[in-house]
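Visitor: sharing a model prediction with you, sequence too.
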Amino acid sequence: MRFLWPELLWLLLLVPALVAVYLHVLARKKKAAVRYPSLLLVRQAMGPGQKWRRHVPPALFLAAMTIAILAMARPSATVTLPSEYMTLIMAMDVSRSMQATDVAPNRIISAQVAAKSFVSALPSNVRVGIVAFAASASIVQTVTDNQEELVTAIDRFQLQRGTATGSGLILALAQLMPDSGIDLDLTVNANPWSSYYGGASIDRTRKTAKTPQKAFTPVAPGSYTGGGIVLLSDGRRTTGPDPLEAARMAADRGVRVFTVGFGSKNGATTGMPGLSYYTMLDEDTLKGIASLTGGEYFHAGTAEDLKKVYASLSAKFSMEARETEVSALFSIAAALLVIAAAVLSLLWFRQRV
C-alpha cells in the first residue's frame with residue numbers, strides 16, 4: 001500500500017497526543033473520586049463491567065480519527081478487479097511439426113479446438129487478433145470482438161515449413177501496439193503464404209511501418225495494462241529473428257507474453273510419405289520469453305491440458321490487478337466507528353445524560 005499524499009501522515013502524531021489527554025482526564029477524575037468518597041461508592045456500585053465499558057466509545061472514536069487521517073492521505077493498493085477494455089493477440093505455431101500425432105488426433109487439430117474454445121470463453125471486453133507463424137508470420141485475423149470471425153480464422157490455419165518464433169512474436173507485438181515504432185522491415189521476412197489466410201501479410205504491414213512513429217521510451221516489463229500476447233509453439237526456432245530478442249522488444253514496451261509449450265516434452269516424429277523428422281519442444285526459450293516480459297509459461301502435453309491452460313489464461317484476462325485508490329473504504333470504516341461509538345454511549349450511559 002502507498003499514499004498519494006504521504007505528507008498528511010504527519011497528522012497521525014495527533015493520535016498519541018489525544019491518548020495522553022484522555023489519560024490525563026482519567027487521572028484527574030480518579031483524584032476527584034478519592035476526594036469525594038460518595039462518588040467512589042457510586043462507581044463501586046456500578047459493577048466491574050462499567051470499568052472497561054467507559055473506555056470503549058473513546059477507543060472507537062480514536063480508531064476512527066486514525067483511519068480518517070489515513071483516508072486523507074489517499075491510500076492506494078493493488079487489487080484484483082474486472083479488467084477494462086483489453087486487446088489480446090494469439091500467436092500460433094503452424095509449422096509442419098504441428099501434424100504430429102502424440103496429441104490425438106494431432107497437434108494442430110487439438111490446438112484449433114482449444115483456441116476456439118478459448119476465444120469463445122473470453123469476456124466481451126477483450127478483443128482478439130490472431131497471428132500464425134511458420135517460416136514467416138502472417139496476420140490471420142485483425143483485432144476484433146466478433147467471435148464468429150475469430151473461429152473462422154482459426155479454421156483457416158495451414159501448415160507450412162519452418163518455425164520463425166521470433167517473427168510471430170514481433171508481428172503480434174506490432175499488431176497489439178501499431179504505433180510503438182516497430183520496424184518490421186528489419187526484423188521479419190515477408191510471408192509468401194499470406195494468400196492461405198486472406199489476412200494481412202508482413203509485406204502489407206511494411207507500408208505502415210515506415211510512417212512517422214512516436215518517440216519510444218522503454219518502460220517497466222509487464223506495466224502495459226491494455227492487453228497481452230499468448231504464444232503457442234511446439235518446436236524450436238529454425239529461421240527468423242531470435243525469439244528472446246523479440247521478447248526484449250515486448251518487455252521494453254511493458255507487454256506480457258504468456259507462452260504455451262504444446263506436445264510431449266520427449267518430442268515426436270512426424271513428416272510425410274518418404275520424409276520424416278523429429279521435433280523437440282524448446283521449453284527453455286519459451287520460459288525465457290515469459291520471464292523477460294513478466295508473463296508466465298505453461299506446458300500442455302495433451303489436448304485436455306491445453307484446454308485447461310487456455311481456461312486459466314481466460315481468467316487472467318477477465319480479472320487484472322491494478323493500483324486503485326481505496327480512500328473511500330477508509331472513510332467508510334471511520335464513519336462506521338464513529339457511529340458505533342455514539343450508539344454504545346447512548347446504550348450504556350443514557351441514564352447519566
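Guide: Thanks, I have the structure now. What you are looking at is a predicted structure, and each value in this text was computed from that prediction instead of being measured.

Visitor: show me where this protein has helices.
Guide: Under the criterion DSSP state H, helices of the chain are mapped to 14-35, 37-45, 49-53, 56-72, 107-121, 147-155, 165-176, 184-187, 202-209, 243-252, 283-293, 303-318, 327-349.

Visitor: just the buried positions in the longest one, please.
Guide: Residues of helix 327-349 classed as buried: S327, F330, A333, A334, L337, V338, A340, A341, S345 (neighbour count, 16 or more other Cβ atoms under 10 Å). Where C-beta positions appear, they are placed from N, C-alpha and C, glycine not excepted.

Visitor: now these as JSON lines including distance to I170 and pLDDT?
Guide: What follows is the buried residues of helix 327-349, written out as JSON lines (distance: Cβ to Cβ, whole Å; pLDDT from 0 to 100):
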{"residue": "S327", "distance to I170": "42", "pLDDT": "85"}
{"residue": "F330", "distance to I170": "45", "pLDDT": "87"}
{"residue": "A333", "distance to I170": "49", "pLDDT": "90"}
{"residue": "A334", "distance to I170": "51", "pLDDT": "88"}
{"residue": "L337", "distance to I170": "55", "pLDDT": "89"}
{"residue": "V338", "distance to I170": "58", "pLDDT": "88"}
{"residue": "A340", "distance to I170": "59", "pLDDT": "89"}
{"residue": "A341", "distance to I170": "62", "pLDDT": "85"}
{"residue": "S345", "distance to I170": "68", "pLDDT": "81"}
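
Visitor: okay, now the unreliable bits of the stretch 51-200 of the chain?
Guide: Under the criterion pLDDT under 70, the flagged ranges of the stretch 51-200 of the chain are 51, 78-85, 185-200.

Visitor: which non-adjacent residue is nearest Y22?
Guide: Counting by Cβ to Cβ, 6 or more residues apart in numbering, Y22 lies nearest to P58, which is 5.9 Å off, once chain neighbours are set aside.

Visitor: could you check how far the one you found is from W52?
Guide: Between P58 and W52 the distance, using Cβ to Cβ, to the nearest Å, works out to 12 Å.

Visitor: could you do D155 as well?
Guide: Distance, D155 to W52, by Cβ to Cβ: 73 Å.

Visitor: tell me, how many residues neighbour L232?
Guide: Neighbourhood size, L232 [other Cβ atoms under 10 Å]: 26.

Visitor: what separation do you get for D145 and M86?
Guide: Separation of D145 from M86 (Cβ to Cβ): 11 Å.

Visitor: shared neighbours, these two?
Guide: With contacts taken as Cβ atoms under 8 Å, 6 or more residues apart in numbering, the residues that reach both D145 and M86 are V126, R127.

Visitor: P58 and W52: who's more crowded?
Guide: Remark: of P58 and W52, P58 carries more neighbours, 16 against 9, as counted by other Cβ under 10 Å.

Visitor: contacting residues around A333?
Guide: A64, I67.

Visitor: ok, it to L60 distance?
Guide: Using Cβ to Cβ, A333 is found at 11 Å from L60.

Visitor: repeat for I109
Guide: Between I109 and L60 the distance, using Cβ to Cβ, works out to 65 Å.

Visitor: so those two - more neighbours on which side?
Guide: L60 (20 against 16).

Visitor: next up, the contacts around the residue lying closest to the more buried one once chain neighbours are set aside.
Guide: Of all residues not flanking L60 in the chain, A341 sits nearest, at 3.9 Å (Cβ to Cβ, 6+ apart). With contacts taken as Cβ under 8 Å, 6+ apart, A341 has the following neighbours: V56, P57, P58, L60, F61, A64.

Visitor: from A77, how far out is the closest residue to the last one other than its chain neighbours?
Guide: Using Cβ to Cβ, 6+ apart and skipping residues adjacent in sequence, the residue nearest A64 is L337, 3.7 Å away. Here the distance between L337 and A77 works out to 20 Å (Cβ to Cβ).

Visitor: thought the residue nearest to A64 was touching F61?
Guide: Yes - using Cβ atoms under 8 Å, L337 makes contact with F61 at a distance of 7.3 Å.

Visitor: got a list of what F157 touches?
Guide: M92, V94, I108, Q112, A132, V140.

Visitor: cool, and V143?
Guide: Shown here is V143, whose contacts under the criterion Cβ under 8 Å, 6+ apart are T87, I89, R127, V128, G129, Q175.

Visitor: okay, now the spatially closest residue to S314 that is not a sequence neighbour: neighbour count?
Guide: Distance criterion Cβ to Cβ, 6+ apart; nearest residue to S314, sequence neighbours excluded, is A121 at 4.9 Å. Using other Cβ under 10 Å as the criterion, A121 is surrounded by 16 other residues.

Visitor: go on, the one 4 residues further on?
Guide: N125 has 13 neighbours, counted by other Cβ under 10 Å.

Visitor: got phi/psi on it?
Guide: phi -90, psi 0 (degrees, to the nearest 10).

Visitor: thought it was touching M86?
Guide: Yes - with contact defined as Cβ under 8 Å, N125 reaches M86; the gap is 6.5 Å.
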